[in-house]
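Engineer: here's my sequence, what's the structure:
(one chain, ligands or ions: 1)
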Amino acid sequence: MPAPVPAAPRLRAPRLCVAVQGSTPAELFSRAEGALKDARFLEFRLDPLPKPAAALPQLKDFLAHNREIMAIATCRRKENGGHFAGSLTSELDILLHAAEAGCHIVDLEVESAEQTTKPQLARFRAAVRAAGAALLVSFHDFTRTKGLAQAAQRIQAFEPDFVKVVSTARTLADNLAVLRLIEDLSLHSNVIGIAMGEEGIVSRLLGPRAGAAFTFASAGEGVETAPGQTTVRTLVDLYRVEQLDQATRIFGVAGNPIGHSLSPLMHNTAFRRESINAIMLPLKVKSLDDLLTLTRELPLSGVAVTMPLKQDVLPHLANMDPLTSRIGACNTLRVSSDGKIVGFNTDVAGVVRPLERRMRLRGSRILVVGAGGAARAAVFGLVEQGAEVFITNRTHETAVALARKAKAKAVKRDQLVKNRFDAIINTTPCGMTGAIQSLPIAENELNAHVVFDMVYNPLDTALLKLARSRGLTVISGLEMFVQQGARQFEIWTGKPAPEADMLRVVELALRNHQKSDHTVSSSNHKKHP
Ligand code: NAP
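Structural biologist: Residues are numbered from 1 along each chain as shown. Model (predicted):
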């Protein structure tokens, strides 16, 4: 009679597993050591090592010195998307020894499991369990999200302790497929579901909330073991992944590109500060339909939208305020409990609030430089406040058309020196990091008390420096960014926004970003004198 298979160990895995890998054992274990300050659950990717088996004694030592942590061992073979060039037997051997070294879970690809003979897998499972470890069988699709239920069935045929299904998100809706799979399987299995890639962030963050046993994070930037992996610090501090529950309201900032958006930092800080159970995720949107599907079906409670979605979304709104309709652009969506989407334009508040703190708008003369999307919100918003608004633009006809629609006045550039204004607002990209032109208007055209630059990268633009040197009052694009965000926060939560905290985190992030840009450019100078 065959010996009975030992029972699966009872494991209570933390929600977050940090995946570490290295090209040498020294690199692998130094990264693992570093990850311990943020995590108590590590995945050791052994396959990138030149000789994974040779690292096992060190793995045993590491786990013996860190008894409080949980560990997964993975040694994915090349034909299954990993780096290990060895045979199936070697893979099974390494995983078994990793279990004996103290790993709590071993990850076997479903393709490898399918290549084993029945007795071989039974012996492997029994030995892994005898070592006190659990068997995880994983499926990876590195190109798309399709056939997830079939993939799960392939895995379940081996009756593993953990089912791991990983696909690649090409759309935001692919996250829904992964989350539905988690919801279904988690009723009777320990499941992990993730869609890789930037679009898959929703599944990475919301997987545990949908019932996944855990999700994966990277130890830091640049050491990711899979595309789209987020750092453990970001998942814990910014997205509070360990606290998300069914009551958490989900918001998004949608655009393409979106990876560098400061909106998640600003809004997540505000939600935390005000103890609001909500998070904002960056959503990489390739099509409006895709965003609307996610909005309806996840569902999202609200979305901050960037260009070109600000205009494209208008036909899909159940309602919008009259000013948004006149501007013809909406940057904020609020989804009501019946799924209807209401649109707002908070760029208006971003322009009006900083100005009205410094001057009386009714009857004031304000020059808007530029006539693009950002200018529209400024012009319509200020006209509504009773200001006399002038528009000057590189392409004069565009200024004329906007002025006609908004009851403002178009001014030719050569008329500026002869005019005085109470405030001048730059809405062009001139002065932005990387822009060829640093000043939108010349020094002798700066005839105003207040100068407002919508550009916020760099924080201190050439225009603001010039205005300050002439003793004028200045308003930075950062203040606009925070004020439009504060208004979004109010629309979404019904509470006043913690503006000072929002400003502080965004300013700090921009300063750090500019410092690192500066360091990179000065080290490049050193390399290429
Ligand atoms: P947009 O729709 O492309 O409009 C750009 C405007 O700038 C157009 O009127 C364009 O004139 C003019 N322009 C572009 N390059 C110019 C140059 N070299 N010299 C003179 N005029 C030039 O862009 P947008 O969406 O309005 O954004 C404009 C700026 O505002 C960006 O820098 C953006 O980052 C900033 N912004 C900031 C905030 C914030 O929260 N602080 C919010 C929104 C936007 P033509 O008509 O001749 O092309």
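Engineer: phi, psi of the residue in the stretch 301-450 of the chain that the ligand sits nearest to?
Structural biologist: Minimum separation of the stretch 301-450 of the chain from the ligand (Cβ to the nearest ligand atom) falls at Gly372, amounting to 1.9 Å. Any C-beta I mention is one placed from the backbone N, CA and C, and that applies to glycine too. When read as degrees, to the nearest 10, the backbone of Gly372 gives phi -90, psi -160.
Engineer: and it, how far is that from Arg15?
Structural biologist: Computed as Cβ to Cβ, to the nearest Å, the Gly372 to Arg15 distance reads 44 Å.
Engineer: more neighbours: the two, which one.
Structural biologist: Legend: neighbour count by other Cβ atoms under 10 Å for Gly372 and Arg15, higher for Arg15 (19 against 14).
Engineer: so, low pLDDT: which residues of the protein?
Structural biologist: 1-5, 517-529 (pLDDT under 70).
Engineer: contacts only, for Tyr239.
Structural biologist: Neighbour list for Tyr239: 205, 230, 264, 268, 279, 281 [criterion: Cβ atoms under 8 Å, 6 or more residues apart in numbering].
Engineer: among those, the buried ones, what's the ChimeraX command?
Structural biologist: Filtering these down to the buried ones (16 or more other Cβ atoms under 10 Å) takes a single ChimeraX command:
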select :205,230,264,268,279,281
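Engineer: out of the contacts of Tyr239, which is nearest to the ligand?
Structural biologist: Distance ranking of the contacts of Tyr239 against the ligand, using Cβ to the nearest ligand atom, places Pro264 first at 15.2 Å.
Engineer: how about the nearest residue to that closest one, chain neighbours excluded?
Structural biologist: Nearest residue to Pro264, sequence neighbours excluded (Cβ to Cβ, 6 or more residues apart in numbering): Met280, at 4.8 Å.
Engineer: which secondary structure element contains that neighbour?
Structural biologist: Element membership for Met280 (DSSP states H and E) is strand 278-284.
Engineer: mind listing the strands that strand pairs with, and their directions?
Structural biologist: When pairing is defined by DSSP bridges, strand 278-284 lines up against strand 249-255 (parallel).
Engineer: which positions in the strand holding Met280 come out as buried?
Structural biologist: Neighbour counts over strand 278-284 (16+ other Cβ under 10 Å) mark 278-284 as buried.
Engineer: redo those as a markdown table? Include distance to Lys418.
Structural biologist: Converted to a markdown table, the buried residues of strand 278-284 look like this (distance: Cβ to Cβ, whole Å):
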| residue | distance to Lys418 |
| --- | --- |
| Ala278 | 51 |
| Ile279 | 52 |
| Met280 | 47 |
| Leu281 | 50 |
| Pro282 | 46 |
| Leu283 | 47 |
| Lys284 | 47 |
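Engineer: ok, back up a step: need phi/psi at the residue nearest to the residue of the stretch 301-450 of the chain closest to the ligand when sequence neighbours are not counted.
Structural biologist: Leaving out its chain neighbours, the residue that sits closest to Gly372 by Cβ to Cβ, 6+ apart is Thr427, at 6.6 Å. The phi/psi pair for Thr427 (degrees, to the nearest 10) reads phi -120, psi 10.
Engineer: same for whichever strand or helix holds Ala64, what does it pack against?
Structural biologist: Using DSSP H and E, Ala64 sits within helix 56-65. With contacts defined as 3 or more Cβ pairs under 8 Å, 6 or more residues apart in numbering; DSSP states H and E, the packing partners of helix 56-65 are helix 25-35, strand 70-74, helix 88-100.
Engineer: Thr346: which of those is closest?
Structural biologist: With Cβ to Cβ as the criterion, Thr346 lies closest to helix 25-35 of those, at 39.0 Å.
Engineer: that closest one versus helix 56-65: what angle between them?
Structural biologist: Counting by axes from the mean of the first three to the mean of the last three Cα atoms, to 10 degrees, helix 25-35 lies at 20 degrees to helix 56-65.
Engineer: buried residues, helix 25-35. List them.
Structural biologist: By neighbour count with 16+ other Cβ under 10 Å, helix 25-35 contains the buried residues 25, 28-29, 31-32, 35.
Engineer: quick one: contacts of that helix?
Structural biologist: Here helix 25-35 makes contact (Cβ under 8 Å, 6+ apart) with 18, 20-22, 42, 44-46, 49, 54-55, 58, 62, 219-220, 223, 232.
Engineer: cool, stretch 134-143 as well?
Structural biologist: With Cβ under 8 Å, 6+ apart, stretch 134-143 has contacts from 8-9, 11, 72, 80-81, 104-110, 113, 124-125, 128-129, 151-152, 154-155, 158, 160-168, 192, 196.
Engineer: so who does the closest residue to the ligand within the stretch 151-300 of the chain touch?
Structural biologist: Closest residue of the stretch 151-300 of the chain to the ligand, Cβ to the nearest ligand atom: Leu262 (9.7 Å). Contacts for Leu262 (Cβ under 8 Å, 6+ apart) come out as 481, 506, 509-510.
Engineer: are any of the contacts of stretch 134-143 buried, and which?
Structural biologist: Taking 16+ other Cβ under 10 Å as the criterion, what is buried in the contacts of stretch 134-143 is 8, 72, 80-81, 104-110, 113, 124-125, 128-129, 151-152, 154-155, 158, 160-168, 192, 196.
Engineer: where along the stretch 301-450 of the chain do the helices fall?
Structural biologist: With helices called from DSSP state H, counting those that start in this stretch, the stretch 301-450 of the chain shows them at 309-312, 322-327, 347-356, 373-384, 396-406.
Engineer: the shortest one: how far from the chain's middle?
Structural biologist: Which is helix 309-312. Relative to its chain's centre, helix 309-312 lies at 20 Å (Cα atoms, centre = their mean, to the nearest Å).
Engineer: also within reach of the ligand: list those from the contacts of Tyr239.
Structural biologist: By Cβ under 6 Å from any ligand atom, no member of the contacts of Tyr239 lies near the ligand.
Engineer: before we move on, the earlier item: make sure the residue nearest to Gly372 is actually in contact with Ile366.
Structural biologist: No - in this structure, Thr427 is not within contact of Ile366 by Cβ atoms under 8 Å, at 11.5 Å.
Engineer: what residues does the protein put near the ligand?
Structural biologist: Neighbours of the ligand within the chain, by Cβ under 6 Å from any ligand atom: 307, 347, 350, 370-375, 393-395, 398, 427-430, 432, 437, 440, 454-456, 477, 480-481, 484.
Engineer: list buried residues within these.
Structural biologist: Among the residues of the chain next to the ligand, those scoring as buried are 347, 350, 370-371, 373-375, 393, 398, 427-430, 432, 440, 454-456, 477, 480-481, 484 (criterion: 16+ other Cβ under 10 Å).
Engineer: which residues of the stretch 201-350 of the chain fall in strands?
Structural biologist: Per DSSP state E, counting those that start in this stretch, the stretch 201-350 of the chain carries strands over the ranges 215-218, 249-255, 278-284, 302-305, 319-320, 332-335, 341-344.
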